[in-house]
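A.B. asks: A predicted structure for the sequence below; I have some questions about it.
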Amino acid sequence: MIKTIRVLISSKKFFLEYKSKISVETTYFTDGSFLNGTAAYAVIEQQANGYSYMKVRQSLLTPHAGIFNAELAAIKFAVRHASSKKKHALICSDSLSVVKSLQHDGESRRFLLWIPAHVGIVGNELADEAAKEAIKMPLMMEVPCLSAIIKNFHKVEAANIKNTLWQTSRTFLKTHNAQLKRPHYNENFTRDDCIKIARMRVGVTNFSTRHHFSGGRSPECTQCGTTLTVEHILKDCAISGSHANLEQTLDCSNENTIKFINEALKKHNLLYEV
């Protein structure tokens, strides 16, 4: 357990004055760093004499961890280190967002204090240097069980899948070198009509991309036995294709465009799968 000290420290002088008024046996300074997709942290302990400092931890975090994760992991280590020594400890961090997220008013032998960065507080400056140094060192990575890291991992993986899908797909926009900008839609189209046409134009629909995320097989046309894509449905399919130029088929200004798309999708039972 850790207790948050709700005091606004605005300068080095104020910090030293405040620290002299509280009774603790040791002081820790924590900091995190993030560079080129890599997060690391460091923890510095101020010795009892008040003049010497010691690095007690430098560590890398796993890929997909961010600066918030690094700052949080540093504080977590400082708490464990202080607990192992059974000492009253003051833990100083320059991450206001992390300190706020850990606010607690209960009784504790460990106190958490926010301090401003780069105002000449020696321990903070040393922790900052050590965290940046840790990124470049061949250290063993930690695997903190933080939900934010897991969520970020899945977010990055989903983005990679979508990017791969776009790079390897044959869509109207890529085939005709069309610009990725909002086209002029027919004034009689509803918002749902515009969304449907836009998705068909870029080739990214529920029915054509779902298998990338579920791990299943690519959908096939029951009539032709070929991969079911937007281009196949609107142009090449024997039961729904117009065999016309896709540029004309997906003309946003033509009132008949949405009618043709809906009729083609109905023949494949995909009207609500766009």
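C.D. replies: Everything's here; your move.
A.B. asks: what's the helix or strand for Lys196?
C.D. replies: Element membership for Lys196, per DSSP states H and E: helix 191-202.
A.B. asks: now for the helix or strand following that helix, which elements pack on it?
C.D. replies: Using DSSP H and E, the helix or strand that follows helix 191-202 in sequence is helix 206-214. Judged by 3 or more C-beta pairs under 8 Å, 6 or more residues apart in numbering; DSSP states H and E, helix 206-214 is in contact with helix 147-168. Where C-beta positions appear, they are placed from N, C-alpha and C, glycine not excepted.
A.B. asks: mind listing the strands for the protein?
C.D. replies: 3-5, 26-35, 38-46, 53-61, 89-93, 110-114, 141-142 (DSSP state E).
A.B. asks: out of those, nearest to Thr229?
C.D. replies: strand 38-46 (38.8 Å; C-beta to C-beta).
A.B. asks: if I pick Leu16, what's in contact with it?
C.D. replies: By C-beta atoms under 8 Å, 6 or more residues apart in numbering, the contact set of Leu16 is empty.
A.B. asks: and it, how far is that from Pro138?
C.D. replies: Leu16 sits at a distance of 37 Å from Pro138 (criterion: C-beta to C-beta, to the nearest Å).
A.B. asks: Show the model's pLDDT score for Phe213.
C.D. replies: Model confidence at Phe213, given as pLDDT, is 69.
A.B. asks: Likewise for Tyr18?
C.D. replies: At Tyr18, the model reports a pLDDT of 86.
A.B. asks: So what's the residue count around it?
C.D. replies: Burial of Tyr18 is recorded as 16 neighbouring residues (other C-beta atoms under 10 Å).
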